[in-house]
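1. Predicted model, plus sequence, below.
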Amino acid sequence: MGQVRYRFHKELNDFIMPALRNIEITHDLNRKTSVKDDIESFGVPHTEVALILVNDLPKDFTYIVQNGDAIGVYPSSKCADMKQIQRLRPEPSYTPKFVIDANLGRLARYLRLLGFDCYYRNDYSDDMVAKISSEDERTVLTRDRSLLQRKIIIYGYFVRASTPKIQVKEVLKRFDLFHLIAPLVRCTRCNGKLRKTEKQKIEHRLEPLTKRYYNDFLICAACSQIYWQGSHYEHAMHLANEFKEGGE
């Protein structure tokens, strides 16, 4: 049917085979296809794309690719420097809420420790993650490209790093969250909100040494997990400070 020319910008090249990165790609057009499907044929999830220019005009994902088109594909970081553009999705007006796939449990726990709203269970299927993301407007965090290619997912991010602490810093930077870090406001086990509780109400659940040496306690409103200012509290604050330093 013809040919089109693609140029993928900045970090979108993470998904492109090395020989095709940061160059203009001549691509055979042999079927009728939307620009979304054509972009994803290169391995680039649509959730990573913030702007598509076809012959210098902004288009959405439903645009049908035509012979001779010159297509520029841009990530969010590039669009931040561009004015008067047509974005492919509205920018969330709230602090991001996440749903995290079953393979990123450590990332979920760290983000909860820092105060961020993260749905996660180790038995979440891809179908469940996609459904939660769509219905609750949650941003998917995953290392599974095929999951992010599902049409019902509007907000998503492919986590590049493989080490949990580096993943956390990557997510904090990507969504500009360093200034919103608020440790020990969410339960790391279930994501429920923590609230202060009186010692006498929960002392029957405490170990003898905890009961003797600690007086200030938090309890999860959802699962009733108890937290106090012991060694795990110090560990949590140390981690929070470590991650905050990454944003300075």
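-> Noted; the coordinates are in hand. None of these values were measured; they are calculated from a predicted model.
2. Helices of this structure, residue ranges please.
-> Shown for the chain, the helices assigned by DSSP state H span residues 35-40, 76-79, 105-113, 126-136, 145-148, 164-174, 199-202, 208-213, 231-245.
3. so what's residue 194 bridging to?
-> Partner residues in beta bridges with residue 194: residue 220, with DSSP bridges as the criterion.
4. For it, give its distance to residue 211.
-> With distances defined as Cβ to Cβ, to the nearest Å, the gap from residue 194 to residue 211 amounts to 20 Å. Any C-beta I mention is one placed from the backbone N, CA and C, and that applies to glycine too.
5. Comparing the two, which residue is more hemmed in?
-> Each of residue 194 and residue 211 had its neighbours counted (other Cβ atoms under 10 Å), and the higher figure belongs to residue 194 (20 against 15).
6. The more buried one touches residue 184, doesn't it?
-> Yes - contact criterion Cβ atoms under 8 Å: residue 194 and residue 184 qualify, at 6.3 Å.
7. what do the two both touch?
-> Between them, residue 194 and residue 184 share the neighbouring residues 218, 227, with contact defined by Cβ atoms under 8 Å, 6 or more residues apart in numbering.
8. Point out where this protein drops to low pLDDT.
-> 78-87, 92-93, 231, 246-248 (pLDDT under 70).
9. Once you drop chain neighbours, what's closest to the residue positioned nearest the centre of it?
-> By Cα atoms, centre = their mean, the mean C-alpha position of the chain lies nearest to residue 141, the distance being 3.7 Å. Computed as Cβ to Cβ, 6 or more residues apart in numbering, the closest residue to residue 141 that is not its neighbour in sequence is residue 100, at 4.7 Å.
10. List the residues that contact the one you found.
-> Counting by Cβ under 8 Å, 6+ apart, the residues that residue 100 touches are 107, 108, 111, 118, 119, 120, 129, 140, 141, 142.
11. Arrange the residues you listed in JSON lines, one row each, with distance to residue 41 as further columns.
-> Shown next, in JSON lines, are the contacts of residue 100 (distance: Cβ to Cβ, whole Å):
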{"residue": "107", "distance to residue 41": "28"}
{"residue": "108", "distance to residue 41": "31"}
{"residue": "111", "distance to residue 41": "32"}
{"residue": "118", "distance to residue 41": "31"}
{"residue": "119", "distance to residue 41": "30"}
{"residue": "120", "distance to residue 41": "30"}
{"residue": "129", "distance to residue 41": "23"}
{"residue": "140", "distance to residue 41": "21"}
{"residue": "141", "distance to residue 41": "24"}
{"residue": "142", "distance to residue 41": "19"}
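12. Return the set of residues that bridge with residue 28.
-> Beta-bridge partners for residue 28, by DSSP bridges, are residue 3.
13. tell me how far the ends of stretch 133-144 are from each other?
-> Between the opening and closing residues of stretch 133-144 we find a distance of 15 Å, counting by Cα to Cα, to the nearest Å.
14. Pull out the buried positions in that stretch.
-> Of all the residues in stretch 133-144, those buried under the rule 16 or more other Cβ atoms under 10 Å are 133, 134, 138, 139, 140, 141, 142, 143, 144.
15. From residue 230, how far off is the third one?
-> Distance of residue 138 to residue 230, given as Cβ to Cβ: 32 Å.
16. Next: the second one.
-> Relative to residue 230, residue 134 is positioned 40 Å away (criterion: Cβ to Cβ).
17. domains of this structure?
-> The chain resolves into domains spanning 2-79, 92-191+231-248 when parsed by automatic domain parsing.
18. Would you mind saying which of those domains lies nearest residue 204?
-> Distances from residue 204 to each of the domains of the chain were compared using Cβ to Cβ; the shortest belongs to domain 92-191+231-248, at 20.1 Å.
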